[in-house]
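In: The following block contains a protein sequence and its predicted model.
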Amino acid sequence: MIKFLYVIFMNLFRAPYMIPKMRYQANHPEKYSEKKRYSLVCHAITLMKRTGHIHTKIYGEENLPKEGGYIMYSNHQGKYDALGIMITHKHPCSFVMDKMKSNKILVNEIVDLVQGKRLDRNNVRQAMSVLNEVAEEVKEGRKYIIFPEGEYVFNNKNQMGSFKPGCFKCALKSRVPIVPVALIDSYKVFNSFTLGKVTTQVHYLKPLLYEEYKNLKTIDIAKIVQERIGKVIEESGFART
């Protein structure tokens, strides 16, 4: 939280220029391609990283499917998670996030620039509609980030909560590859008491192809993905009790 406030404060002088620019491009997707808008998001993330002395290492980039859409399912640690994935993901991707947390300044602009989805966790019908939209879009080649835990614990020290099976229904419906993503020390950026230099890790794991999971129940798919992510964190020696 300390670093989050520090980064915001140190970038206040950029706000009068960056926020309107981001809002304008987000409001006019007919003028700016998905690639162009994604580039602006990555530029904003880069500025935050430089100001906050944030370094993000990428592993397993070769595991990302070369063609077509796919869904990245990641453990959830804090405010930096989606940013850390996007800044290491060369091709435009989007994400699903809690509607209640999506309307803050800058967050709102980023969500709209990548045409992200706002999910109301208190409205089952709306949540299912959002996941159906994701399924249809990844069929057409888009890439999405979903956090199956739904919530994150402040200063969670790389511990994971239970993955919610329901969010894997869109993978079954779209029949696209599932890419497990393991985040390590992402919580230290904006959701801990750390102020100094922070190094996070993004691990793209081997995809789970539709042929491998098509006959499984969502609860079993969730378990497989969570176990694969947990194994990477444990083997990296970053899991803390």
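Out: Arrived safely, thanks for sending.
In: Identify the residue nearest the residue nearest to the spatial centre of the chain in space, chain neighbours excluded?
Out: In the chain, the residue lying closest to the centroid (CA atoms, centre = their mean) is A82, at 2.9 Å. Distances taken as CB to CB, 6 or more residues apart in numbering place F95 nearest to A82, at 4.7 Å, with adjacent residues excluded. No exception for glycine: its C-beta is placed from N, CA and C like everyone else's.
In: quick one: pLDDT of that neighbour?
Out: pLDDT, F95: 98.
In: helices or strands next to the helix or strand where it lies in the packing?
Out: Assigned by DSSP states H and E, F95 falls within strand 94-98. Applying 3 or more CB pairs under 8 Å, 6 or more residues apart in numbering; DSSP states H and E, one finds that strand 94-98 contacts helix 81-88, strand 117-119, helix 124-139, strand 143-146.
In: If we use 7 Å, what do you get?
Out: strand 117-119, strand 143-146 (3 or more CB pairs under 7 Å, 6 or more residues apart in numbering; DSSP states H and E).
In: buried stuff in the shortest one?
Out: Counting neighbours by 16 or more other CB atoms under 10 Å, one finds that the buried residues in strand 117-119 are 117-119.
In: With stretch 157-164 instead?
Out: In stretch 157-164, counting by 16+ other CB under 10 Å, buried: 158, 160, 163-164.
In: Same list (those) but as a markdown table, adding secondary structure, distance to V189 and pLDDT.
Out: Below are those laid out as a markdown table (DSSP: H, G, I helix; E, B strand; the rest coil; distance: CB to CB, whole Å; pLDDT from 0 to 100):
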| residue | secondary structure | distance to V189 | pLDDT |
| --- | --- | --- | --- |
| N158 | coil | 13 | 95 |
| M160 | coil | 17 | 95 |
| F163 | coil | 22 | 97 |
| K164 | coil | 24 | 96 |
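In: For those residues, work out which two are farthest apart.
Out: Within the buried residues of stretch 157-164, N158 and K164 form the most distant pair, 19.4 Å apart (CB to CB).
In: Residues contacting stretch 218-228, please?
Out: With contact meaning CB atoms under 7 Å, 6 or more residues apart in numbering, stretch 218-228 is reached by 73, 148, 160, 163-166, 168-169, 172, 178, 180, 205, 208, 213.
In: Narrow those to those in helices?
Out: Among the contacts of stretch 218-228, the ones falling in helices (DSSP state H) are 169, 172, 213.
In: Tell me how many other residues crowd the nearest residue to the last one once chain neighbours are set aside.
Out: Closest residue in space to Y213, ignoring its immediate chain neighbours: I221 at 5.2 Å, by CB to CB, 6+ apart. Taking other CB atoms under 10 Å as the neighbour definition, I221 ends up with a count of 24.
In: Shouldn't I221 be within a helix?
Out: Yes: checked against DSSP: H, G, I helix; E, B strand; the rest coil, I221 lies within a helix.
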